[in-house]
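Trainee: A structural model of the following input is requested.
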Amino acid sequence: MVDLESEVPPLPPRYRFRDLLLGDQGWQNDDRVQVEFYMNENTFKERLKLFFIKNQRSSLRIRLFNFSLKLLSCLLYIIRVLLESPSQGNEWSHIFWVNRSLPLWGLQVLVALISLFETILLGYLSYKGNIWEQILRIPFILEIINAVPFVISIFWPALRNLFVPVFLNCWLAKHALENMINDLHRAIQRTQSAMFNQVLILISTLLCLIFTCICGIQHLERIGKKLNLFDSLYFCIVTFSTVGFGDVTPETWSSKLFVVAMICVALVVLPIQFEQLAYLWMERQKSGGNYSRHRAQTEKHVVLCVSSLKIDLLMDFLNEFYAHPRLQDYYVVILCPTEMDVQVRRVLQIPMWSQRVIYLQGSALKDQDLLRAKMDDAEACFILSSRCEVDRTSSDHQTILRAWAVKDFAPNCPLYVQILKPENKFHIKFADHVVCEEEFKYAMLALNCICPATSTLITLLVHTSRGQEGQQSPEQWQKTYGRCSGNEVYHITLEDSAFFAEYEGKSFTYASFHAHKKFGVCLIGVRREDNKNILLNPGPRYIMNASDICFYINITKEENSAFKNQDQQKSSFSRSFYHGPSRLPVHSIIASMGTVAIDLQDTSCRSASGPTLTLPTEGIREVRRPSIAPVLEVADASSLQTCDLLSDQSEDETTPDDKMSSNLEYAKGYPPYSPYIGSSPTFCHLLHEKVPFCCLRLDKSCQHNYYEDAKAYGFKNKLIIVAAETAGNGLYNFIVPLRAYYRPKKELNPIVLLLDNPPDIHFLDAICWFPMVYYMVGSIDNLDDLLRCGVTFAANMVVVDKESTMSAEEDYMADAKTIVNVQTLFRLFSSLSIITELTHPANMRFMQFRAKDCYSLALSKLEKKERERGSNLAFMFRLPFAAGRVFSISMLDTLLYQSFVKDYMISITRLLLGLDTIPGSGFLCSIKITEEDLWIRTYARLYQKLCSSSGDVPIGIYRTESQKLATSESQISISVEEWEDTKDCKDQGHHRGNHRNSTSSDQSDHPLLRRKSMQWARRLSRKGPRHSGKTAEKITQQRLNLYRRSERQELAELVKNRMKHLGLSTVGYDEMNDHQSTLSYILINPSPDTRLELNDVVYLIRPDPLSYLPNSEPSQNSSLCNAAGQDSREETQL
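Mentor: Numbering: from 1, shown residues only. I've put the predicted structure just below:
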């Protein structure tokens, strides 16, 4: 044991506990040398320099003391002048000698000694090897002139009354003040405005000039008029202000010479100071100055960070932000790195905005600029991307850096971020609210194909409006459309609500129906108090709790509503409170009650998105009008349609062979591959095995198939074609809603992507699992490419605005190529439903443009009037937008702004668009009113029918009306000259009607009347022989019809010839026959007594079908696929 211990070497000194306590004192023979750093700062000179110059606080005290000394010396000079008795005579000795009392001399000597000592000491400390640089400095020369004579007078008493120009110390005081301000800024770590410094220097320069002139004139006039200080002040003010009364003038040549010298100095010094001040003023106007800390702490403000501020972006933000009453006292601070342009400057000079909007030029990546904007005290920060950049990924990178910088500087400031590409979302997951442009854009375009005008529905819901648009219009559809556009989404706690408090303990569908029946509000969703997820229409099994937060659609929120109870009449069965013009008639109420014992609702299982409503089929219905079962307070098993939508009940209508083939092709599950990080998992229709990449190419045959065009595939449903520039990750969000699990298999439309550039491997890997998804490399500009991709068999053509055209020299020209291409499609394929996305909402007026259409001109005038009235939705009456044929993604910017007040709006919009799927939350779909459904008659009865049968909640109607003209086509033809010359649109109210059986033609159906043909018609009417009225009318009508028919045939022949050249069949091509013109519009949450019309499309929020299953939440590792009435089969695990 001893030997083992002796073999263990001792620990080195640094590991001994004794050495840790006492240090390495025992190791004196160590070779280590202690080195001391910064020894130069321990010298006497460096310590003095540290105290007088380097240290901000001590240097500030020295500067302040020096400034006080200079002011004291000037004050002593004034006291000496006031105490001195006027001199007698005009001898020059009065210029060089003055009367100075002994105490006053002693004070001036003391001040001079201190000043001279300080000047010599600072000169020594700042000496850098050049002595003349220190001696020839103007402050040093002035110190020598003012201090040395007093020091000499100590040793030579005869010089005690020698005149010394002590008033020149005012310039030394000015110099000390400048240094003091600089040290003050350094000491308190605060960057003061350069504007303040320049103004201070200018004022001090003026005061020094005036004070020097006063004292100089007064002293030189001791041998002249013997002016006092007040007269000298009066003379200087009059002279420098260029007034020059002439009542006080200098008499001696010396004083005159002094005045000339001072004026020359003023003419040189003051313009320089004013120029610097003006330059700083202009720079401050550009940069915007600072937002004061006092205002930030006493007032509320938000910060808007953008890379470039356009007038449209600014006005959209301001109009939407200040549309809410509780935000009227907020200030908006704009932080932008570019200079404010002329249009923005002009708008911000309007009193309404100049008092509430502050523009700061600066970068969000600089802490100094964020401090100027007082970001740490802001209520919120909005960070917007520049969508007009050529490289949208680079624009997103800038947005991400801004978000990181703001989060680093102000961690507690809520962030509202707009991003362009979905693959960049995960970088800003920490933000409170994020809107991804491409996600929302492609999801809305996809839903527009299956639920018409979804983009218009969402746009109207996220815009703040009072529903006053169109109320001055003579046409009824514009009044109704404008009034319903004022509906928005609001929220309230159930126990605090007059709308919903009485439905505590009742089912959701019961509460939704009766709230709409009684108050005219549409309950669309709820959120539990202990849950962050919003559930849209959770279904009849959901029981309302007192603490639930209810989300509803209404013209205004409940807090701003007044309730007027109506006295119950003896003949009425119940009271109703509607926002519509009238209540339901008594016979409608009686019919809606029905006889529950006999007329039970049809509980048969139907399709997930069935297009029609089932008519009751009891034999007793032949005798009396059908009735609708009431909505139950608490749903039971017999009243619910517990259909398993995973089995796809739409297959019941197909043949057994179709069932077999369908079930073998598709499964249901989560897509195994996502093209980007952060995409929400969605349960979809999928293939058992992914398609080889070669089979995804529509126009190229491969070893697996020999098809080279859309016709050869023999699709049962019409195509959906998407024309885009590149296959970005946003296109993935176009495919997912169209392949969601709740879409019936038989209604799935083939999707063809017409891309300008070939897609990459990652994108193909994501879409190869979806059924009937193809791509083709081609351009929308090329007619051959359009024909190959199957445009003649397409139900919808989606045209996405190209990124490469968004950066045009003129902003509004960014959509030029897209608009012209769509107009060409409209001319060649008039029956094709074209859905277009534009960059600027103002360009929507060019869609399906008709230059000589009187009704379009009337709508243009209506839009201008609505804009003058201050409407934020002036473009809503344009027919393509109202019909959902066009939208601009910039209109969704208001979604981000509105989320500042309604933090749930982004979540609700994502649920409606299918971007997010939450277990138990419903989805948006639509049904079409057919002739078999007109027995329901009113929207209230439809609401009851849906809630009682399937649990669906309707939220609006998409209505299509035919256009009716008061004059026939022949009358238009014979009066063509008057119509061309006058272009009178006063009778537009008679050009539209609500009747559907009109056979009169529409003037807007003939946009192809060329100028030559119009002139030909005039010449014919003027020079031709006079026939009877009927004969002339007949001839003109025939000739115009011949002209129109020939041009249509010309376009049709062009398309057919190209199809024959490409080897395509012309059977599916629809020649452009004359179709009766129609207009379409949306009624959001219409009044209960609104009459249903044929072909109305009703928007529904349908309950989640998985919520009816015992184990409803699907697993990502299993594929659920059950067919009704068939044996279960093993399927591929996804």
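
Trainee: just the CA trace of the helix or strand where Ile835 lies, in CSV.
Mentor: Element membership for Ile835 (DSSP states H and E) is strand 833-838. This file holds the C-alpha atoms of strand 833-838, laid out as CSV (Å, rounded to 0.1, in the frame of the first residue of the first chain):
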residue,chain,number,x,y,z
SER,A,833,-65.1,30.0,-67.3
ILE,A,834,-61.9,32.0,-66.8
ILE,A,835,-60.7,32.8,-63.3
THR,A,836,-57.9,35.4,-63.2
GLU,A,837,-55.6,36.8,-60.5
LEU,A,838,-54.2,40.3,-61.0
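
Trainee: what about it, average pLDDT?
Mentor: For strand 833-838, mean pLDDT rounds to 89.

Trainee: out of everything not next to it in sequence, what's closest to Leu370?
Mentor: Phe409 (4.7 Å; Cβ to Cβ, 6 or more residues apart in numbering). Backbone N, C-alpha and C define where each C-beta goes, glycine included.

Trainee: circling back: within its sheet, name the partner strands of the strand holding Ile835 and how each one runs.
Mentor: Strands flanking strand 833-838 in the sheet, each with its direction: strand 794-799 (parallel), strand 886-888 (parallel) (DSSP bridges).

Trainee: can you tell me which of the ones you listed is most buried?
Mentor: Highest mean neighbour count among the strands paired with strand 833-838 (mean count of other Cβ atoms under 10 Å): strand 886-888, with a mean of 27.

Trainee: which residue is nearest the middle of the protein?
Mentor: With distances taken as Cα atoms, centre = their mean, Asp893 lies nearest the centre of the chain, 3.0 Å away.

Trainee: circling back to that earlier point, residues in contact with the strand holding Ile835?
Mentor: Strand 833-838 is contacted from outside by 441, 445, 448-449, 455, 795-801, 815, 818-819, 822, 825-826, 844, 847, 880, 884-889, using Cβ atoms under 8 Å, 6 or more residues apart in numbering.

Trainee: mind running it again at 6 Å?
Mentor: 448, 796-801, 815, 822, 825, 885-886, 888 (Cβ atoms under 6 Å, 6 or more residues apart in numbering).

Trainee: quick check: domain ranges of the chain?
Mentor: With domains defined by the TED database, the chain comprises 34-167, 188-287, 292-431, 439-450+666-917.

Trainee: just how off-centre is the first one within its chain?
Mentor: Relative to its parent chain, domain 34-167 has a centroid offset of 63 Å by Cα atoms, centre = their mean, to the nearest Å.

Trainee: let me know the average pLDDT across it.
Mentor: 80.

Trainee: cool, and the third one?
Mentor: Averaging pLDDT along domain 292-431 yields 89.

Trainee: picking that back up, name the SS class of the residue nearest to the centre of the chain, please.
Mentor: Secondary structure, DSSP: H, G, I helix; E, B strand; the rest coil: Asp893 is helix.

Trainee: ok, it to Tyr359 distance?
Mentor: Between Asp893 and Tyr359 the computed distance is 19 Å (Cβ to Cβ, to the nearest Å).

Trainee: now do Asn146
Mentor: 48 Å.

Trainee: in the helix ranked longest in the chain, what counts as buried?
Mentor: Ranked by residue count, the top helix of the chain under DSSP state H comes out as helix 253-287. Buried positions in helix 253-287, judged by neighbour count with 16 or more other Cβ atoms under 10 Å: Ser254, Ser255, Phe258, Val259, Met262, Ala266, Gln273, Leu280, Arg284, Ser287.
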